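S.K.: Whatever this is, show me its structure:
(2 chains)
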Amino acid sequence: MDKKAYMVANPLTPNNPVEIDPKLCNGCNTCVEVCRTDVLVPNPEKGKPPIVLYPDECWFGGCCAGHCPVPGAIKMVLPLNQRICWKDKQTGEYFRIGMKNPPPPNTKPPVG
Amino acid sequence: MSNYEEPLGRSTPEWPYPVRYGKENEVSMDVLILGGGIAGCHAAINVAKRGARAIVVEKGPVIRSGSGGAGVDHWHGACTNPCSKITPEDMVETFKGCRSGLATSEYGTGPTSYILFKESYNALLDVEKMGVKVRDVDNEFSGAEFRDDETKLMFAYDYENKHIIRIQGAHVKPALYNELKRLGVEICDRVMATSLLTEGGKPGSRVVGATGVNVRTGEFYLFKAKATVLTTGPSLRIWAFSTELTGANAAHDDPNCVGDGNAMAWQAGAEFTLMEASGRSGGGFRYPPYGTGNAHNTWFACTIVDANGKEVPWVDRDGRVLKTVSERYRPAPGQRMFYHGGPLPLPYEIQGPRLIPDLPERIKKGEFVLPFYADLPSMQEHERRAIFGLMVGNEGKTLIPIYRTYTQAGFDPDRHMLQANVLPPEAAGMYQPWWNGIGPSQWRETAFGGGGGVVFDWDLKTNLEGLYAAGNQLAGGSNHPGAATTGRYAGRKAADYALKTGEPVIDRKQVEEEKVRVYLPVNRKDGIGWKELQAGLCRIMQDYCGEYKSEETLKMGLRWLDSIRESEVAKVCARNPHELARTLECLSRLTVGEMIMHASLARKASSSVLDFKRLDYPDMDPPEWEKFVTIRLENGEVKVGELPINYWLLPPNAPTYKENYKRHCGL
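M.R.: You can find the predicted model right below:
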């Protein structure tokens, strides 16, 4: 199997705080403008999704996802060492944020 | 700094914003507000309402910046709401003589606490007018015991006395931002203030403006102002820094909270106190705030069960076991009120219900088995929804990171019990937010619960003419409504001063010197980067100014900070405006570290309230040291002073809070 490899720096930790769906993102950069630490910067190519330049500085406030005008285009992802578990009171079944085959989403909105 | 791309000739994409180091922008204004968080926004709004022109200078985007930028769910100190059974006077009387917990001791309850109790509800009505939901207008909680049917206000914690209000404040910051726009306040986003300018360029003189640098373009800013309000954040990451341990960035406080304001006010000659106070930090071992099963703060008073479903009992302050959930929200028999302000030990007078205090021993004996769970399904629907939905869902950093993330992953509070992070029995049995985790004892922090800050008077004015402060810059700590109320007050006072004072005169030499200083890191080719400098500063603080301090270690710490300033700081390099901003932050932290060490040297006694231990003065709380120790710079020398506890009620001030407030509040 021939596969090219590159001399690159190690991935930063965390390295995936924000997931942008390139098919949905319209490149409006609203997320860039609400991020307090400039984790996101505009793509040099206009209209393309922003670049997650400083993932290691993410505060995990979720303002980018909260202000995105396109539903589902941007997702704040808690890093692996920040994922907690829960348990069904009746069945005793265990769950975890990030698990394979998660239960269906709970669609009840918050108050307000 | 190692850069593998350059020697290989690989092309790194160019910086996405225009780079204009040194390009000067000049702004002249009545009132300059440094920091656009909760305190800064309320200050600017009140300056504008007073008829003066205001500008807000903010390192991030005002629409979401600051520690309160991602929401608020409960509003403290609302004593003047129509349902409250506690008056502002009752509240300050309760704290009198308290010596446990900085925020609830006399150290932390000066004019700011009375201002909070007097104006908190008014500040809430302000944000309600801006569009924030503060009542149960949709009647989702009709019939709930924490709801008042007439006003539709909903209360947290003490359901008898009703002084803390549950609100739907996830979007409070965009509402404040819109109000600034409506009132014509100028907003200067992405500019970090770097220094205060003083009359004649002389430290200790009237403050006449500030300098700043744009964190995206590197442009230079010169702000001229008749009055300045310091509303920047507390100093964080002074002892612990790691981006590898993501929990370090999981704290409630904004990572932009550096202590820039402390550092620049210090250089300008402002007087500080309580800088020696600190607390143990969970640092990189945190979970997301409010994101694990809990019984504290926003999760008060959730039912907790152990791994086998056995319920952990709740008790009142006298150890009486509480049989119902409802009793957890009531004062003990004979108790006037209870108060919840943070993880600190509270005085007996205001101690609220809590999980059994001997829980650590009972975990060790095997009576309760870890891990614990938040048993939301067992709670009555209104209480469950109030915790997960109303509070988790609106509190800072809970709408997207917790509510949306957890529910999309399938979490359903009607059926599921959220796990508490597993901690050693001593910590799992402690009644404090478990998500904070525990770190090594030399990992300290200054924020939340009351850190050091500027000394202020009943005008919220510092010792420097023209310089006011609000929020976390005031000694003694703050919370969301604390920032809002002191912001309102300082805004009024700064506007009144600005409207009757003359034009400021800038000393050009002072500006030029600052301009040289701020751009040094971008004019270097090789050297260390900001992260290594930051970690190095933290190591000095951990080693020489950790949990236990002494004359020897503190003096040695100051020596090595100075050595770093001479050596590594002179080599630190920044490759773009973002790195420049982060580097300048490290220099602020270096100054704050020095201030902490000077203050620690000046307090020659140990103090439990300040969580301050001197190995060479091990006696805890000697009465002669029950006072504020102050520090300030004068002609490059550190001047140590002191102020009595309650200095705000001693001449020239009036002997009561009520009278001082009446004389000074400007209403």
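S.K.: what residues are up against residue A:46?
M.R.: Residues counted as contacts of residue A:46 (C-beta atoms under 8 Å, 6 or more residues apart in numbering or on different chains) are residue A:27. Heads up, the C-betas are built off the backbone N, CA and C, glycines and all.
S.K.: right, is stretch B:367-381 up against chain A?
M.R.: Yes - contact of stretch B:367-381 with chain A (C-beta under 8 Å from any C-beta of the partner chain) involves B:373, B:375, B:377-378.
S.K.: With respect to residue B:535, which of the residues you listed is nearest?
M.R.: Nearest to residue B:535 among those is residue B:373, at 36.7 Å by C-beta to C-beta.
S.K.: Can you give me the pLDDT of the closest one?
M.R.: pLDDT recorded at residue B:373 is 98.
S.K.: which SS state does the residue nearest to it when sequence neighbours are not counted fall under?
M.R.: In this structure, residue B:373 finds its nearest non-sequential neighbour in residue B:417, 3.8 Å apart by C-beta to C-beta, 6 or more residues apart in numbering or on different chains. Of the three states, residue B:417 takes strand under DSSP: H, G, I helix; E, B strand; the rest coil.
S.K.: quick one on the thing from earlier: highest neighbour count among the residues of stretch B:367-381 next to chain A?
M.R.: residue B:373 (23 neighbours; other C-beta atoms under 10 Å in any protein chain shown).
S.K.: related to what we said a few turns ago, same list (the residues of stretch B:367-381 next to chain A) but as CSV, adding secondary structure.
M.R.: Formatted as CSV, the residues of stretch B:367-381 next to chain A follow (three-state DSSP):
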residue, secondary structure
B:373, strand
B:375, coil
B:377, helix
B:378, helix
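S.K.: which one of those residues is nearest chain A?
M.R.: residue B:377 (4.5 Å; C-beta to the nearest C-beta).
S.K.: sorry, back to before: could you export the residues of stretch B:367-381 next to chain A as JSON lines, including distance to residue B:364?
M.R.: What follows is the residues of stretch B:367-381 next to chain A, written out as JSON lines (distance: C-beta to C-beta, whole Å):
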{"residue": "B:373", "distance to residue B:364": "19"}
{"residue": "B:375", "distance to residue B:364": "22"}
{"residue": "B:377", "distance to residue B:364": "28"}
{"residue": "B:378", "distance to residue B:364": "26"}
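S.K.: quick one, what contacts the closest residue to chain A within the stretch 151-300 of chain B?
M.R.: Proximity to chain A, evaluated over the stretch 151-300 of chain B using C-beta to the nearest C-beta, is greatest for residue B:168 at 2.9 Å. The contact partners of residue B:168, by C-beta under 8 Å, 6+ apart, come to A:111-112, B:73, B:132-134, B:390, B:394.
S.K.: let's go with 10 Å and repeat that
M.R.: A:110-112, B:71-73, B:132-138, B:154, B:390-391, B:393-394 (C-beta atoms under 10 Å, 6 or more residues apart in numbering or on different chains).
S.K.: same check, this time on residue A:96
M.R.: Neighbours of residue A:96 in contact, by C-beta under 10 Å, 6+ apart: A:83-86, A:102, B:409, B:419.
S.K.: how does it look with 8 Å?
M.R.: A:83-86.
S.K.: Chain B next: which of those are close?
M.R.: Answer for the contacts of residue A:96 near chain B (C-beta under 8 Å from any C-beta): A:84-86.
S.K.: Between the residues you listed, which sits nearest residue B:107?
M.R.: Distances from residue B:107 to those, taken by C-beta to C-beta, are shortest for residue A:84, at 35.3 Å.
S.K.: could you check the distance from that closest one over to residue B:416?
M.R.: According to C-beta to C-beta, to the nearest Å, residue A:84 stands 11 Å off from residue B:416.
S.K.: Pull the distance from stretch B:527-542 to the chain's centre.
M.R.: Taking the mean of its C-alpha atoms, stretch B:527-542 sits 23 Å from the chain's own mean (C-alpha atoms, centre = their mean, to the nearest Å).
S.K.: same question, stretch B:44-52
M.R.: 24 Å.
S.K.: can you tell me the distance between the two ends of stretch B:499-510?
M.R.: 25 Å (C-alpha to C-alpha, to the nearest Å).
S.K.: Pull out the buried positions in it.
M.R.: Buried residues in stretch B:499-510, counting neighbours by 16 or more other C-beta atoms under 10 Å in any protein chain shown, are found at B:504, B:506-507, B:510.
S.K.: Restricted to helices, list those residues.
M.R.: Residues of these located in helices (DSSP state H): residue B:510.
S.K.: Relative to residue B:203, how far out is the residue in the stretch 351-500 of chain B positioned nearest to chain A?
M.R.: Residue nearest to chain A within the stretch 351-500 of chain B: residue B:400 (2.5 Å; C-beta to the nearest C-beta). Distance from residue B:400 to residue B:203, counting by C-beta to C-beta: 44 Å.
S.K.: I'd like to know how many residues surround residue B:334.
M.R.: Using other C-beta under 10 Å, residue B:334 has 6 other residues around it.
S.K.: if we can go back for a sec, doesn't residue A:76 make contact with the residue of the stretch 351-500 of chain B closest to chain A?
M.R.: Yes - counting by C-beta atoms under 8 Å, residue B:400 does reach residue A:76; the two are 5.5 Å apart.
S.K.: what do these two both touch?
M.R.: Residues touching both residue B:400 and residue A:76 (C-beta under 8 Å, 6+ apart) are A:62, A:65.
S.K.: Read off the pLDDT value for residue B:209.
M.R.: For residue B:209, pLDDT reads 98.
S.K.: For residue B:369, which non-adjacent residue is closest in space?
M.R.: residue B:307 (4.2 Å).
S.K.: In what element of secondary structure is the one you found found?
M.R.: Using DSSP states H and E, residue B:307 maps to neither a helix nor a strand.
S.K.: how much space is there between it and residue B:363?
M.R.: Residue B:307 is 11 Å from residue B:363, by C-beta to C-beta.
S.K.: Of those two, give the one with the bigger neighbour count.
M.R.: Taking other C-beta under 10 Å, residue B:307 and residue B:363 do not tie; residue B:363 has more neighbours (21 against 14).
S.K.: Give the helix, strand or coil label for the more buried one.
M.R.: Here residue B:363 is helix, with the state taken from three-state DSSP.
S.K.: do the one 5 residues further on as well
M.R.: Secondary structure of residue B:368, reduced to three states by three-state DSSP: coil.
S.K.: from memory it sits against residue B:309, does it?
M.R.: No - using C-beta under 8 Å, residue B:368 makes no contact with residue B:309, being 11.0 Å away.
S.K.: quick one: which of these two has more around it?
M.R.: Taking other C-beta under 10 Å, residue B:368 and residue B:309 do not tie; residue B:368 has more neighbours (23 against 14).
S.K.: Do any residues in the longest helix along chain B lie close to chain A?
M.R.: Ranked by residue count, the top helix of chain B under DSSP H comes out as helix B:577-602. Yes - using C-beta under 8 Å from any C-beta, helix B:577-602 reaches chain A at residue B:578.
S.K.: And for the helix or strand just after that helix, what's in contact with it?
M.R.: Once the chain leaves helix B:577-602, the next helix or strand it forms, by DSSP H and E, is strand B:613-614. With C-beta under 8 Å, 6+ apart as the test, strand B:613-614 has contacts from B:547-550, B:600, B:603-606.
S.K.: Show me the shaky parts of the stretch 351-500 of chain B.
M.R.: Applying pLDDT under 70 to the stretch 351-500 of chain B picks out residues B:447-450, B:477.
S.K.: Tell me how far the closest residue to residue B:438 other than its chain neighbours lies from residue B:451.
M.R.: Nearest residue to residue B:438, sequence neighbours excluded (C-beta to C-beta, 6+ apart): residue B:427, at 4.9 Å. Distance of residue B:427 to residue B:451, given as C-beta to C-beta: 22 Å.
S.K.: returning to what we had before: of the contacts of residue A:96, closest to residue B:354?
M.R.: Nearest to residue B:354 among these, with distances taken as C-beta to C-beta, is residue A:84, at 22.5 Å.
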